[in-house]
Each structure stands twice: as structure tokens, then as C-alpha cells.
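>>> Take a look and give me a structure for this.
(one chain, ligands or ions: 1)
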Amino acid sequence: MSDTVNKSEDEWKNILTSEQFYVLRQKGTERPFSGKFEKFDEKGHYVCAGCGNDLFSSDTKFDAGCGWPSFFDAIDKSKVKQIPDNSHGMRRIEVQCAKCGGHLGHIFNDGPRPTGMRYCINSVSIDFKADTIKK
Ligand code: FE
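Numbering: from 1, shown residues only. Now for the predicted structure:
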């Protein structure tokens, strides 16, 4: 992955909303059931709100009932990075955009078939595109 995005904190502040900056760059979490994509079923795909990297297809979105948009797979494994996160007294795996390092959410192993994984993603971290990208 030579195709990466590196920006300074000030540069990110200029192009992101304060809410996006808080989640993507400071690893914040939006309030559950508050995000624009938590109940959203349009066909298309989701990109990183920071850099536009293609991340998730609507074909893999499911209602986990957890309060955040959930996907059982990424468009391509190379699109996301998984980083151990032991903050807040929990052992979790953080999901980052592989292109800009933006914080997307966390991944858990209680998802549906075929992967059994649940990518629990902040709505703030992603944007929706109406064209479908297949895996
Ligand atoms: Fe990104």
C-alpha cells in the first residue's frame, strides 16, 4: 500500500467537521443509535469520510442492534487495518482506514455468516456512494 494519505492535525481540522475529527483522528465514538447510517438500507458502498477509500459494500451491512452501522466484511481486506486496542479497560480490535489511518470503529467476532465478524463502524467515519462495488 504505497497509496497512503498523510496529513497534519491542522490539515485534517481544515477538511473534517469537528465531529469527524473527533472520531477519525482522535478515536472518538459517536453516541449509539445517533448515526445517519445506523438505520439505512440503500444499495451502494461506503467510503472513508477522511480520504474516500472504498471500505464496505451495502451487501455486507446488517442490523446488529448495537447502535452503530455493522458490516460482516470489508470490500477488500487491504482496505482496512486491524490494531489491538486495550483502552477503556477492554481488549478490542480497532478498525482503521488503511489509506489514511482514520479510526473507523472496532471489529468483533459475533457477526453473522459467512465471516462471523462484525465491523462496528461509526457513521461519522464513513460516507455513502450509490454505486455498488463488489468484492
Ligand atoms: Fe481514510
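
>>> Surely Trp68 is in a helix?
No: looking at Trp68 with DSSP: H, G, I helix; E, B strand; the rest coil, it is coil, so not inside a helix.

>>> Would you mind confirming that it makes contact with Cys120?
Yes: counting by C-beta atoms under 8 Å, Trp68 sits close enough to Cys120 to count as a contact (5.0 Å). From N, CA and C alone the C-beta is placed, and that goes for glycine too.

>>> Please identify which helix or strand holds the residue at minimal distance from the centre of the chain.
Most central in the chain under C-alpha atoms, centre = their mean is Leu104, positioned 3.4 Å from the mean C-alpha point. Taking DSSP states H and E as the definition, Leu104 sits inside strand 103-108.

>>> for that strand, packing partners?
Here strand 103-108 touches strand 80-85, strand 92-97, strand 118-121, going by 3 or more C-beta pairs under 8 Å, 6 or more residues apart in numbering; DSSP states H and E.

>>> now the ones you listed as CSV including mean neighbour count, distance to the ion and mean pLDDT?
Shown next, in CSV, are these (neighbours: other C-beta atoms under 10 Å; distance: least, C-beta to the ion, whole Å; pLDDT from 0 to 100):
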stretch, mean neighbour count, distance to the ion, mean pLDDT
strand 80-85, 16, 9, 98
strand 92-97, 20, 3, 98
strand 118-121, 25, 12, 98
